[in-house]
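I'd like to go over a predicted model; first the sequence, then the structure.
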Amino acid sequence: NPPHQGVLMTPQTASSASSPTMPASSSANAAKWRPILPNTWIGRVLYVSSAEVYGQVDPEQMPIDEGRAPRPRSPYGVSKVAAEALCVQWHETGGLDVVIARPFNHIGPAQTDRFVVANFARQVAAIKLGQRPGVIKIGNLEVTRDFTDARDVVEAYLRLLERGAGGEVFTDNRQKWSGD
C-alpha cells in the first residue's frame, strides 16, 4: 500500500487493548503496535472544524454556506482547513467515513466568562447582586457574531453522524444539519 493511505493500528497485547490511542512515540512502544488491515476504518468520525476557516466575510456575502471558499486569517483557521483536507484525503483514499462540521460560536450553561455572552451574563448577575456598578464593559460593538446554543450544536452533531454524507462539509445551517 502507498504510505499515504490510512492504516489502523492495534496493540499486540491484550493488556494494552483498552488504550484508544497509540502510546508516546518510542521504538519500544511502537514495537507493541501493528497494522490491522490497510484502508479499513471502524465507525464514523465527526471532525469539528470551525467557521474560522472563512476568515472575515463582508455582510453582503452573508449568510455563509458550504460553497464559500475558505480564506482563514489566523493560524487557528489555517490549522482547521489543513485538518479538513486531511479528513477528506483519508475519506477519498483510505475509506474513512468522516463528516466535517464547521460550527459558529457556541453558548450555553457553565461556559466560562472568557466568552462574550457568558461574560455579559456574569456582569449582569454581579450588577443585580449589587457587587458592581450598573455598567457592563464590552469590546468592539462593530463585530457581528452568530451564536448557537451548545445543546442545539450537540443535537446537530448527532444528526450529522446519523445522516451526513461522508466526506462532506456542513456549515452551521440548521436546515441542512437537521436533515429536513
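Nice, I can see it. All of these numbers come straight from a predicted model, not from anything done at the bench.

Could you give the backbone dihedrals for the residue lying closest to Asp149 once chain neighbours are set aside?
Nearest in space to Asp149, with sequence neighbours left out and distances taken as CB to CB, 6 or more residues apart in numbering, is Gly108 at 5.5 Å. No exception for glycine: its C-beta is placed from N, CA and C like everyone else's. Comment: the main-chain dihedrals of Gly108 come out as phi 170, psi 180, following degrees, to the nearest 10.

What about Gly108, how many residues nearby?
The burial count assigned to Gly108 is 16, neighbours taken as other CB atoms under 10 Å.

contacting residues for it?
When the contact criterion is CB atoms under 8 Å, 6 or more residues apart in numbering, the partners of Gly108 are Asp149, Ala150, Arg151.

How about Asp149?
Contacts for Asp149 were tallied using CB under 8 Å, 6+ apart; they are His106, Ile107, Gly108.

same question, Arg71
For Arg71, the contact set (CB under 8 Å, 6+ apart) comprises Tyr54, Gly55.

One more: Pro59?
When contacts are counted by CB under 8 Å, 6+ apart, Pro59 is found next to Thr144.

check which helix or strand covers His47.
Just so we're on the same page, residue 47 is Tyr rather than His. Tyr47 belongs to strand 45-48 when assigned by DSSP states H and E.

Which strands and helices lie in contact with that strand?
Applying 3 or more CB pairs under 8 Å, 6 or more residues apart in numbering; DSSP states H and E, one finds that strand 45-48 makes contact with helix 75-94, strand 98-102, helix 150-163.
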